[in-house]
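Participant: the amino acid sequence is not available; the structure is as follows:
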């Protein structure tokens, strides 16, 4: 036996060193895989949410949006979810690189695979109906917010407020400053199934045609219609219980 | 000589059997540690002891799909990196234990053969000291340790494509540094 091996064996015995149990390594390896899968799922959820937000955005309002088209894109592009996708993809990348064989994959191959899996996962979540549950949770807890100062500008044709009377093609809307506006919706583009319930908050884009009077070109619920439906259904379910 | 996987299984069951692994890898690992760092032989032996103790503790993590040599070289590589971190300093120059090693690098990298081996060793040593550590290490693994791309990939935990690029760039860096150093001053 050579000198070093003797020294090492003596050290092993002196320090009572033993090979670590296999389950310790298995837990570590499976833990990394589990975290990587969670990161991939998060990326898929964020991709699906981004796609849903972009599909359901009010694209027809783009040329008429208060503050111009740049402001429209600033409100419409789901930057928050894009940041979420980037963070989840980076996290998944580093976790997968930490797996036993992860280092064998190059940057482009691994990052490309993660992105592809996230997009495929996001589309699958959208089509399976799992994502709407997340959307619902989001709507209930984090409803969309419109900058009221941008929409409370009747002189420029923008109005936000609550329907207080709904009679035929004229709505009476109480704006945020308390003034009452008569809004003619006869030529307005109205989303399908929008029913002008008293008490609903709406956004109007049109043209001022008299004192406290607007002719609407577009009228939209304050919260986009599909989200509003979702919230209504949720509230009805809660009342039923 | 028994296959490494058998030695590993026996060492897990009986610590005394670990001596066989130590004896098999002691010399190549010590040479590798000396080649990639500028530490003294005593320091390298201490480092080597840590390498073997760590390897022993992690024997059950050894993946039989890898070569055992790649696995233990990786532990040695990580130990050197840790030692550098502790010392906050990297190798300023390297140890080439023999003129033969310098000759091997010189011939592989198209450096003209020199008549005086000691001078050539000095030249190769000074050129290796000039190039970045990441290049120096792949050159040592490829040309002195005689590892293939797959083994270097497993030791450094880098994709094979990256290793191939690193080797290519390392050769260029070495050749450039060799031209700048002017071999004729050494001969």
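Facilitator: Arrived safely. Quantities reported herein were computed from a predicted structural model and do not represent experimental measurements.
Participant: quick one: contacts of the helix or strand hosting residue B:165?
Facilitator: Following DSSP states H and E, one finds residue B:165 within helix B:160-181. Here helix B:160-181 makes contact (CB atoms under 8 Å, 6 or more residues apart in numbering or on different chains) with A:104, A:106, B:105, B:109-111, B:123, B:126-128, B:130-132, B:134-136, B:138-139, B:142, B:149-150, B:152-153, B:156, B:158. Glycine gets a C-beta too; all of them are placed from N, C-alpha and C.
Participant: after the helix or strand residue A:32 falls within, which helix or strand is next?
Facilitator: Assessed by DSSP H and E, residue A:32 sits inside helix A:22-55. Remark: after helix A:22-55, the chain's next helix or strand is helix A:68-76, criterion DSSP H and E.
Participant: from residue B:149, how far off is residue A:196?
Facilitator: 71 Å (CB to CB, to the nearest Å).
Participant: same question, residue A:33
Facilitator: From residue A:33 to residue B:149 the distance is 27 Å (CB to CB).
Participant: do residue B:84 as well
Facilitator: Taken as CB to CB, the span from residue B:84 to residue B:149 is 25 Å.
Participant: over to residue A:198?
Facilitator: In terms of CB to CB, residue A:198 sits 74 Å off from residue B:149.
Participant: between the two, which is the more surrounded one?
Facilitator: residue B:149 (18 against 11; other CB atoms under 10 Å in any protein chain shown).
Participant: pretty sure residue B:57 is touching residue A:20, no?
Facilitator: Yes: Residue B:57 lies in contact with residue A:20 (CB atoms under 8 Å); the separation is 5.6 Å.
Participant: can you list the domains in chain B?
Facilitator: B:4-87, B:99-185 (automatic domain parsing).
Participant: neighbours around residue A:137, how many?
Facilitator: Neighbour number of residue A:137 under other CB under 10 Å is 11.
Participant: quick one: pLDDT of it?
Facilitator: Looking at residue A:137, its pLDDT is 74.
Participant: cool, residue B:90 as well?
Facilitator: So residue B:90 comes in at 52 (pLDDT).
Participant: cool, and residue B:169?
Facilitator: So residue B:169 comes in at 95 (pLDDT).
Participant: next: the one 3 residues further on.
Facilitator: The score at residue B:172 is 91. That number is its pLDDT.
Participant: what about it, neighbour count?
Facilitator: Counted with other CB under 10 Å, residue B:172 comes out at 13.
Participant: okay, it and residue A:167: tell me how far apart.
Facilitator: 82 Å.
Participant: how about the contacts made by the most centrally placed residue in chain A?
Facilitator: Nearest to the mean C-alpha position of chain A, counting by CA atoms, centre = their mean, stands residue A:49 at 4.7 Å. Contacts for residue A:49 (CB under 8 Å, 6+ apart) come out as A:78, A:81, A:122, A:131, A:134, A:135, A:138.
Participant: which bits of chain B sit near chain A?
Facilitator: Applying CB under 8 Å from any CB of the partner chain, we find that chain B lies next to chain A at B:11-12, B:15-16, B:18-19, B:22-23, B:26, B:45, B:48-49, B:52-53, B:56-61, B:63, B:153, B:157-162.
Participant: now residue B:59: closest residue in space that isn't a chain neighbour?
Facilitator: Once flanking residues are discounted, residue B:59 sits nearest to residue A:19: 4.3 Å by CB to CB, 6 or more residues apart in numbering or on different chains.
Participant: tell me the secondary structure at that neighbour.
Facilitator: Here residue A:19 takes the coil state, with states given by DSSP: H, G, I helix; E, B strand; the rest coil.
Participant: so for it, what's the pLDDT?
Facilitator: pLDDT, residue A:19: 95.
Participant: surely it is in contact with residue B:58?
Facilitator: Yes: the pair residue A:19 / residue B:58 is scored as a contact, 7.4 Å apart, by CB under 8 Å.
Participant: past the helix or strand harbouring residue A:111, which element shows up next along the chain?
Facilitator: Taking DSSP H and E as the definition, residue A:111 sits inside helix A:107-128. The helix or strand immediately downstream of helix A:107-128 is helix A:130-141, counting by DSSP H and E.
Participant: buried stuff in that next one?
Facilitator: A:131, A:132, A:135, A:139 (16 or more other CB atoms under 10 Å in any protein chain shown).
Participant: quick one: it to chain centroid distance?
Facilitator: Helix A:130-141 sits 9 Å away from the centroid of its parent chain (CA atoms, centre = their mean, to the nearest Å).
Participant: quick check: angle from that helix to helix A:107-128?
Facilitator: 80 degrees (axes from the mean of the first three to the mean of the last three CA atoms, to 10 degrees).
Participant: which SSE is immediately downstream of the lowest-mean-pLDDT helix or strand in chain B?
Facilitator: The weakest-scoring helix or strand in chain B, judged by mean pLDDT, DSSP states H and E, is helix B:99-108 (a mean of 63). Next in sequence after helix B:99-108, counting helices and strands by DSSP H and E, comes helix B:117-130.
Participant: could you pull out the buried residues of that following helix?
Facilitator: B:119, B:120, B:121, B:122, B:123, B:124, B:125, B:126, B:127, B:128, B:130.
Participant: rebuild the residues you listed as TSV, extending it with pLDDT.
Facilitator: Listed next are the buried residues of helix B:117-130 as TSV, based on pLDDT from 0 to 100:
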residue	pLDDT
B:119	70
B:120	71
B:121	71
B:122	73
B:123	76
B:124	78
B:125	76
B:126	79
B:127	82
B:128	82
B:130	83
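Participant: now, which of the residues you listed sits nearest residue A:175?
Facilitator: residue B:130 (74.6 Å; CB to CB).
Participant: tell me the contacts of that closest one?
Facilitator: So residue B:130 contacts B:177, B:180, B:181 (CB under 8 Å, 6+ apart).
Participant: who in chain A is up against chain B?
Facilitator: A:1-2, A:4-9, A:11-13, A:15, A:17-22, A:25, A:100, A:103-106, A:109.
Participant: just the buried members of the residues you listed?
Facilitator: Applying 16+ other CB under 10 Å to these flags A:4, A:5, A:8, A:9, A:12, A:19, A:25, A:103, A:104, A:105 as buried.
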